[in-house]
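Trainee: Provided below are the primary sequence and the corresponding predicted coordinates.
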Amino acid sequence: MKTTKILLITLLGTLLATQSAMAAKKVVRWKLAETWPTNFPVFGDTTKNMAKMVKEMSDGRFIIQVHSRNKHKAPLGVFDMVKAGQYQMGHSAAYYWKGKDINTMFFTTMPFGMIAPESYAWFYYGGGMELMEKVFARHNMLSFPGGNTGNQMGGWFKKEINSLADLKGLKMRIPGFAGEVLAELGAKPTNIPAGELYTALERNTIDALEWVGPSLDLRMGFHKIAPFYYTGWHEPAAELHFMVNQRAYKRLPKDLQEILKVAMKASAYDMYAKSVHESGKNLATMSKEYPNIKIKTFPEDVMVALRKANEKLIGEFEKKDPLTKEIIESQRKYLKQVRAWTEISDQAYLNSAK
């Protein structure tokens, strides 16, 4: 009888320990909607890396399933799906949402603004994260940097841009504040998802487009239709972003919240490094295998007009909303401070190393 009692107590202890371990191992399952097509390089690699790190660091307690636009069928609907809680997370570009909230676009990039290292410094140490939180909290979301492309090219054009007159009536795919600037100069900007860009260019729905840079442009085949490839002005540091449904995030245990933040930050940095690598590699391929591509810089009068239009519009946007003004002032002040260092460090080195 005594032996049976001991066995029962041992069995009960084992059962309780197993139940406790199972409770501790409770798996949280999330879905992430991304704007990009299935297996889209660089951008899509970022979400896969993030989900892999989350799973490994949580020892399998936190699983994030990535749904590309091929799955959810709404590449520019990610904002609404995450806001509503249909998806716990999203990966896209904040300036796609300017029609829903004008303040979202400032967190991707701004024409003639900060380059990638300056932008990351602003986000993490210059108040950028706090301002982004203010904007997205209005929509039941959190937003985190989700990977930078670095300085983007100014776009692919079917015809050479020789003067301001060539911008009049130009139908161009270009999102964000840069679209507002070009519209000021008589162009007709529009936004089209990545999977539809080649067809739109081929069918003359648009006359020009900007996408990213050599890291992603070469595989898209734009050079077959529009051989004039212009250097950039509009996106000196295009930052993608992770959106997280606020209620879903608050329900996570504290350790999983931290794991998620670390994974997002690490995968974002990896995307920046990969973007630089792929752009260097693909530019070399372009030069060697596609001599029809003509790399150009916009004429001086065009650049002067773009700068003037940009400054005019920023002045107008500052008056729209107190939070808009706060964001613009923060970026302006931080850029002035950090650019002084960039000029005597990286820029001075590059100028002297030619």
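Mentor: In hand now; what should we look at?

Trainee: now Ala248. Nearest residue, chain neighbours left out?
Mentor: Using CB to CB, 6 or more residues apart in numbering and skipping the chain neighbours, the partner closest in space to Ala248 is Gln88 (4.2 Å). Every C-beta, even on glycine, is put in place using the N, C-alpha and C of the backbone.

Trainee: check Leu142 too.
Mentor: Val244 (4.5 Å).

Trainee: what's the helix or strand for the one you found?
Mentor: Using DSSP states H and E, Val244 maps to strand 239-245.

Trainee: same question, Phe136
Mentor: Using DSSP H and E, Phe136 maps to helix 128-137.

Trainee: quick one: name whatever helix or strand follows that helix.
Mentor: The first helix or strand that comes after helix 128-137 along the chain, using DSSP H and E, is strand 141-148.

Trainee: that following strand pairs with which strands?
Mentor: Using DSSP bridges, strand 141-148 pairs in its sheet with strand 239-245 (antiparallel).

Trainee: helices or strands next to the helix or strand that the strand it pairs with is followed by in the packing?
Mentor: Downstream of strand 239-245, the first helix or strand assigned by DSSP H and E is helix 246-251. Helices and strands touching helix 246-251, by 3 or more CB pairs under 8 Å, 6 or more residues apart in numbering; DSSP states H and E, are strand 141-148.

Trainee: so what touches the strand it packs on?
Mentor: 42-43, 46, 82-83, 91, 94, 107, 116, 119-120, 123, 129, 132-133, 135-136, 237-246, 249, 261, 264-265, 267-268, 270-272, 275 (CB atoms under 8 Å, 6 or more residues apart in numbering).

Trainee: before we move on, the earlier item: quick check: buried residues in the helix holding Phe136?
Mentor: Buried residues in helix 128-137, counted by 16 or more other CB atoms under 10 Å: Gly128, Met129, Leu131, Met132, Val135, Phe136.

Trainee: cool, stretch 230-242 as well?
Mentor: Of the residues in stretch 230-242, those buried (16+ other CB under 10 Å) are Tyr230, Gly232, Trp233, His234, Glu235, Pro236, Ala237, Ala238, Glu239, Leu240, His241, Phe242.

Trainee: quick one: average pLDDT of stretch 96-114?
Mentor: Stretch 96-114 carries an average pLDDT of 96.

Trainee: cool, and stretch 55-62?
Mentor: Rounded mean pLDDT across stretch 55-62 is 98.

Trainee: and for that stretch, what's in contact with it?
Mentor: 25-28, 30, 54, 63-64, 252, 255-256, 259-260, 262-263.

Trainee: counting contacts, what elements does the helix or strand hosting Val304 pack onto?
Mentor: In this structure, Val304 sits in helix 300-317 according to DSSP H and E. If you count contacts as 3+ CB pairs under 8 Å, 6+ apart, helix 300-317 packs onto helix 176-184, helix 322-342.

Trainee: great, nothing more from me.
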